[in-house]
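Novice: Here is my input, please return the structure:
(chains A and B)
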There are 2 protein chains.
Amino acid sequence: MSAPSPDAAAIPDFAAVIPAGGVGSRLWPLSRPDRPKFLLDVLGEGRTLLQATLDRVQPLADITMVVTGARHVAAVAEQLPTLTEADVVAEPSPRDSMAAIALAAAILERRHGPIVIGSFAADQVIRKPSAFDAAVREAVEVARAGKVVTIGVEPTGPSEAFGYIEAGGLIGTTARDVATFTEKPDAATAATFLATGRYLWNAGMFVVRTDVLLAHLGRLQPGILAGVRELGAAWDGPGRDDALARWWPTLTRIAIDHAIAEPVAAHGGVAVIPADLDWNDVGDFDSLAGLFSPRPDGVIEVNRGDVTAVEDAPGAVVIGGDRPVVVIGIPHAVVVDSGDALLVTTRIAAQQVKNAAKLVGQQRL
Amino acid sequence: MSAPSPDAAAIPDFAAVIPAGGVGSRLWPLSRPDRPKFLLDVLGEGRTLLQATLDRVQPLADITMVVTGARHVAAVAEQLPTLTEADVVAEPSPRDSMAAIALAAAILERRHGPIVIGSFAADQVIRKPSAFDAAVREAVEVARAGKVVTIGVEPTGPSEAFGYIEAGGLIGTTARDVATFTEKPDAATAATFLATGRYLWNAGMFVVRTDVLLAHLGRLQPGILAGVRELGAAWDGPGRDDALARWWPTLTRIAIDHAIAEPVAAHGGVAVIPADLDWNDVGDFDSLAGLFSPRPDGVIEVNRGDVTAVEDAPGAVVIGGDRPVVVIGIPHAVVVDSGDALLVTTRIAAQQVKNAAKLVGQQRL
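Specialist: Numbering: from 1, shown residues only, chains lettered A, B, ... in the order given. Below is the predicted model:
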């Protein structure tokens, strides 16, 4: 939960949009298509990533909207009982982040007129909620002036796992113009980025007025704008299903970064709020392990129901399971005992886990 | 089962003694104090190691005696229904191989007069039973002439895991004098041994006349002889328990190799039958893996109930379990899913598994 702050009241005319998509395939076997990462309590703290996201944004926004796949609507509603049916938007099929956010913007603008929306993914961890709170409040102010605003995460190392945002001149209390967005760099490039002090991680958090967003869309992705205008108009009436059948398949699959953030930044239309959030995208088991304090012997245990013992396996990570696990001779081993499947890898190979489900499928042939 | 041979009849006045002891701690979590290695069907072929040992020796010997710990007598009897109660000797506590074999010799000599006994451990795999059969038959002939005879395994590589027997001059069809016994050497020494062509692995198989064995004992370990004479005299009468309570704790803990084989060899009293047995002591998971043919991708699966998938893990070994296992980025990984515990290690670290139960115990404190 967000710590109380001087600005504890919700931000007027502000809606939080939570795109809840993606399997989290690098967290196999914890995550599966029918139990994606955002529905999991990966921290073992009693709240799923989706619930924790709602906990963070609800104090900021009187309006909250979750956009998720049709197959997950029931689970989302069950996990978020404070939301109404109107607050959960079901996508018939995944069409990437631009379609999801544009649809939410179109629906919200029809309901409330032009407002500011903030898009916050459902599967991230933020350990400094008051810093998040402050960053969103400033982002909304900057967005009201017409900018597309992103919240940039202060890097803690030269990660190759994230895109980078190059910040330019100061335009607010902490807000800066965005010079460029860069896709995931190699380690050497990432290190040169960090040395400049100007680069931030792109965490995919965008704050923007609905009318500004939709105007950019009209210029850059007119097909998406046309579709979501039709969907927005039909959404709260009897024509929703027909409109979805007609328009949803026409929407270009593209990420909001490529569709809006990068081209708009090139014309000076994007700002960034640098924020020290203690942020983690829980992208793989290496990231997940980083959220836990090691034992005195360096072992990291997550959600374990029995003992973990190691020999010659410094930094071993053992996740899940209710029986003893012994790891011998594999430094930085990662063992995930999910009950219905078992993964054995290393922190260095954690990115390769995205292939795990496919590998199992091939063996089942 | 032994293949039929020209000598398919049992050897007259010959008893097979099967010491069934040792937990097999390097096979944790498959083996445990209450389910030691010899009681397990580690090959998944429907016969435990103990049963397979009996299958090998029963065609050779009209008399078979198993010596095991008191806690395992019931399991041994259940696995070997063709044995009578008199054929299973219960040790109140483990006192190493010399006490076990000497007790068997003393009991058998009281029952049958001086005969030849052959001692064959209950937890080894021999894939060439007809070669074993032939070796034992020659060993018994040489033993009748008064020698302590061991069956030496033709080495397949410079293993550091076994003791070595240096063979001397030929004294029978294939039997040779034993020049020396050497404890487990380092790899370089083992390689020089192999280069001479004179060295054999010591598999702990001894064939000897009871009266010869007991005479050597009287000279070399008179305390053990005195104790087992008393126990042999009392065994089949009402005084067994009293004799065990009185004498068993007095028996020196020593292996037959040190107590008899080495000192007797120094005086020319030991012979060896070199044998190409396709022998495996199933000493650890590396040895166990060597008993199975790899899949085309190099993966070795043992007793698995679901698929095994790997990436960047050549030579991975996965044992047990009825759920999918994925191994990524750990060459020669060893994963043992026993249901009630999980071991993750490598073939190179397989010897260290002997510490596993202790490591778990320490974590439980």
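Novice: So for stretch A:47-62, what gets flagged as buried?
Specialist: For stretch A:47-62, the neighbour count (16 or more other C-beta atoms under 10 Å in any protein chain shown) marks A:48-54, A:56-61 as buried. C-betas here are computed from N, CA, C, even on glycine.
Novice: let me redo that: stretch A:205-225
Specialist: So, applying 16+ other C-beta under 10 Å, buried residues of stretch A:205-225: A:205-210, A:212-214, A:216-217, A:220-221, A:224-225.
Novice: How about stretch A:228-236?
Specialist: So, applying 16+ other C-beta under 10 Å, buried residues of stretch A:228-236: A:228-232, A:234-235.
Novice: Now do the contacts for residue A:279.
Specialist: A:124-127, A:153, A:201, A:203 (C-beta atoms under 8 Å, 6 or more residues apart in numbering or on different chains).
Novice: For it, what are phi and psi?
Specialist: Here is the backbone geometry of residue A:279 (degrees, to the nearest 10): phi -90, psi 150.
Novice: Residue ranges of each domain in chain A, please.
Specialist: Here the domain assignment for chain A is A:11-280, A:294-364, based on automatic domain parsing.
Novice: Tell me where the model's unsure across chain A.
Specialist: A:1-7 (pLDDT under 70).
Novice: Flag every residue of it that's near chain B.
Specialist: Contacts of chain A with chain B, taken as C-beta under 8 Å from any C-beta of the partner chain, map to A:28-29, A:307-312, A:321, A:323-330, A:333, A:335, A:337, A:339-346, A:348-349, A:352-353, A:355-356, A:359-360, A:362-364.
Novice: and those residues, which are buried?
Specialist: Here, 16+ other C-beta under 10 Å leaves A:28-29, A:307-311, A:321, A:323-330, A:333, A:335, A:337, A:341-346, A:349, A:352-353, A:355-356, A:359-360, A:363 buried among these.
Novice: Now intersect these with the helices, please.
Specialist: A:356, A:359-360, A:363 (DSSP state H).
Novice: Using CSV, lay out these together with distance to residue B:113.
Specialist: Converted to CSV, those look like this (distance: C-beta to C-beta, whole Å):
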residue, distance to residue B:113
A:356, 66
A:359, 65
A:360, 64
A:363, 61
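Novice: Can you tell me which of the residues you listed is nearest residue B:255?
Specialist: residue A:363 (45.0 Å; C-beta to C-beta).
Novice: and the closest one, what does it touch?
Specialist: Taking C-beta under 8 Å, 6+ apart as the test, what residue A:363 contacts is B:307-309, B:324.
Novice: secondary structure class for residue A:76?
Specialist: For residue A:76, the secondary-structure state derived from DSSP: H, G, I helix; E, B strand; the rest coil is helix.
Novice: Which stretches in the stretch 101-250 of chain A count as helices?
Specialist: A:129-144, A:187-196, A:210-220, A:222-235, A:240-247 (DSSP state H, counting those that start in this stretch).
Novice: Off-centre distance for the second one?
Specialist: Here helix A:187-196 is found 24 Å from its chain centre; the criterion is C-alpha atoms, centre = their mean, to the nearest Å.
Novice: Please pick the buried ones from the contacts of residue A:279.
Specialist: Here, 16+ other C-beta under 10 Å leaves A:124-126, A:153, A:201, A:203 buried among the contacts of residue A:279.
Novice: In strands, which of these fall?
Specialist: Under the assignment DSSP state E, those contribute A:125-126, A:153, A:201, A:203 to strands.
Novice: Closest one to chain B out of those residues, please.
Specialist: Closest to chain B out of those is residue A:125 (23.7 Å), distances taken as C-beta to the nearest C-beta.
Novice: Which ones among the contacts of residue A:363 also lie next to chain A?
Specialist: B:307-309, B:324.
Novice: okay, those residues in a markdown table with distance to residue B:278 next?
Specialist: As requested, the ones next to chain A among the contacts of residue A:363 are arranged in a markdown table below (distance: C-beta to C-beta, whole Å):
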| residue | distance to residue B:278 |
| --- | --- |
| B:307 | 29 |
| B:308 | 26 |
| B:309 | 31 |
| B:324 | 32 |
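Novice: Out of those, which is nearest to residue A:288?
Specialist: Using C-beta to C-beta, residue B:324 is the member of these that lies nearest residue A:288, at 20.3 Å.
Novice: what comes into contact with stretch A:320-327?
Specialist: Identification of contacts with stretch A:320-327 by C-beta under 8 Å, 6+ apart yields A:30, A:302-311, A:313, A:316, A:318, A:333, A:335-339, B:28-29, B:339-345, B:353, B:356, B:359-360, B:363.
Novice: Also stretch A:155-173?
Specialist: Here stretch A:155-173 makes contact (C-beta under 8 Å, 6+ apart) with A:138, A:141-142, A:150, A:152-153, A:176-187, A:190-191, A:193-194, A:198-203, A:257, A:271-274, A:281, A:283-284, A:287, A:351.
Novice: ok, now with 7 Å
Specialist: A:138, A:142, A:150, A:152, A:176-187, A:190-191, A:193-194, A:198-202, A:257, A:271-272, A:274, A:283 (C-beta atoms under 7 Å, 6 or more residues apart in numbering or on different chains).
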